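*Asks:* Sequence first, then the predicted structure:
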Amino acid sequence: MNITELKKESKEEEAEGSGFGDLYIDVRYKEKRVLSDGQVMFLPDIEANHIHFKEWQTRKRSAQRLIDYLKGKTKPLNILEIGCGNGWLSSKLLTIKNSKVTGLDINEPEIMQAKRVFQKDNLEFICGAFEPGLFKDQKFDVIVFAASVQYFPSVKNILESAFLCLSKNGEIHIMDTNFYKPNEVANAAKRTEEYYEMLGYPEMAAHYFHHSINDLQPFNHKILFNPKRLINKISKKDPFYWVVVKY
Ligand SMILES: C[S@@+](CC[C@H](N)C(=O)[O-])C[C@H]1O[C@@H](n2cnc3c(N)ncnc32)[C@H](O)[C@@H]1O
């Protein structure tokens, strides 16, 4: 499927109300995670009294780590962010000199917001679901999954799909998502079910997946930030792994 077909299909799916997008955005409203254009513009900075302020501070640190790392490559980068939401991170990635960034997301209201708020050269937002072959005529130097891998059922499948549009020496970065030990996965899934039940959206649990850190084993990967390291465990500030995957 090419990008034009994808845009058409996404609109039809949303019109029928059948997609994950409708449910996801309802849940995000309930969680107070849908922000105004004025707030999105300044992310990851947000008012200190905002309910998710601490979470945004965590996101700010992980985004900065990624940006510093990518700036170290000292070359123009063609970057794809999969599951870019309102586009704040895609926009920040443009601070890497001469970079070009594409943000993809299935959730139309937030992609529309991203387009409204961040109108910049070399920044494009596309509404649609990530699937194999979507960008078959393009190669990206960097593919980022920030807080999005948990919405994909299989780490293996999305990494294999991402490799299809990754350049030869390219890198896939996964961040701001929980990875569990294999024996923790079932309990984590139970907690998620209870959480969405309590929120009034039990059906959302079927769209939220819990991945084990072992799922990365078949891939050439390196952990760039490990929340389980003693020093990070003590600080308790940053709970998420940051992982780079290469060919
Ligand atoms: C928690 S948000 C993260 C947004 C952004 N990356 C950030 O760092 O704030 C996860 C996003 O993944 C998107 N998503 C989930 N499944 C997707 C799919 N199959 N294709 C594209 N985007 C998807 C959701 O719509 C949502 O906007």
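*Replies:* Right, received. Where do you want to start?
*Asks:* Around the ligand, pick out the residues from the protein.
*Replies:* Contact residues, the chain versus the ligand (Cβ under 6 Å from any ligand atom): 24, 82-85, 89, 104-107, 110, 129-130, 146-148, 151. No exception for glycine: its C-beta is placed from N, CA and C like everyone else's.
*Asks:* rerun at 8 Å
*Replies:* 20-21, 24, 33, 43, 59, 63, 81-90, 104-107, 110, 128-131, 144-148, 150-152, 176, 207 (Cβ under 8 Å from any ligand atom).
*Asks:* Separate out the buried members of those residues.
*Replies:* 21, 24, 43, 59, 63, 81-90, 104-107, 110, 128-130, 144-148, 150-152, 176, 207 (16 or more other Cβ atoms under 10 Å).
*Asks:* taking those residues one by one, which sit in helices?
*Replies:* 21, 24, 59, 63, 88, 89, 90, 110 (DSSP state H).
*Asks:* shouldn't residue 144 be in contact with residue 85?
*Replies:* No - using Cβ atoms under 8 Å, residue 144 is not in contact with residue 85; the gap is 11.9 Å.
*Asks:* and the two most separated of the ones in helices among the buried ones among the residues of the chain next to the ligand?
*Replies:* Greatest spatial distance in those: 21 and 63, 24.2 Å, computed using Cβ to Cβ.
*Asks:* in the chain, what spans have low per-residue confidence?
*Replies:* For the chain, residues meeting the criterion pLDDT under 70 lie at 1-19.
*Asks:* can we see that at 90?
*Replies:* Across the chain, the ranges flagged by pLDDT under 90 are 1-22, 74, 133, 136-137, 228-238.
*Asks:* And the helices in it?
*Replies:* 3-16, 20-30, 37-42, 53-71, 88-93, 108-117, 155-163, 185-199, 230-235.
*Asks:* Among those, show me which one is buried the most.
*Replies:* Burial of the helices of the chain is given as mean neighbour count (mean count of other Cβ atoms under 10 Å); helix 88-93 ranks first at a mean of 24.
*Asks:* Which strands or helices does it pack on?
*Replies:* If you count contacts as 3 or more Cβ pairs under 8 Å, 6 or more residues apart in numbering; DSSP states H and E, helix 88-93 packs onto helix 53-71, strand 78-82, strand 100-105, helix 108-117, strand 123-127, strand 140-146.
*Asks:* got a list of what residue 118 touches?
*Replies:* Applying Cβ atoms under 8 Å, 6 or more residues apart in numbering, one finds that residue 118 lies in contact with 41, 87, 88, 90, 91, 125.
*Asks:* If we use 10 Å, what do you get?
*Replies:* Contacts were defined as Cβ atoms under 10 Å, 6 or more residues apart in numbering; by that measure residue 118 touches 40, 41, 86, 87, 88, 90, 91, 92, 94, 101, 103, 125.
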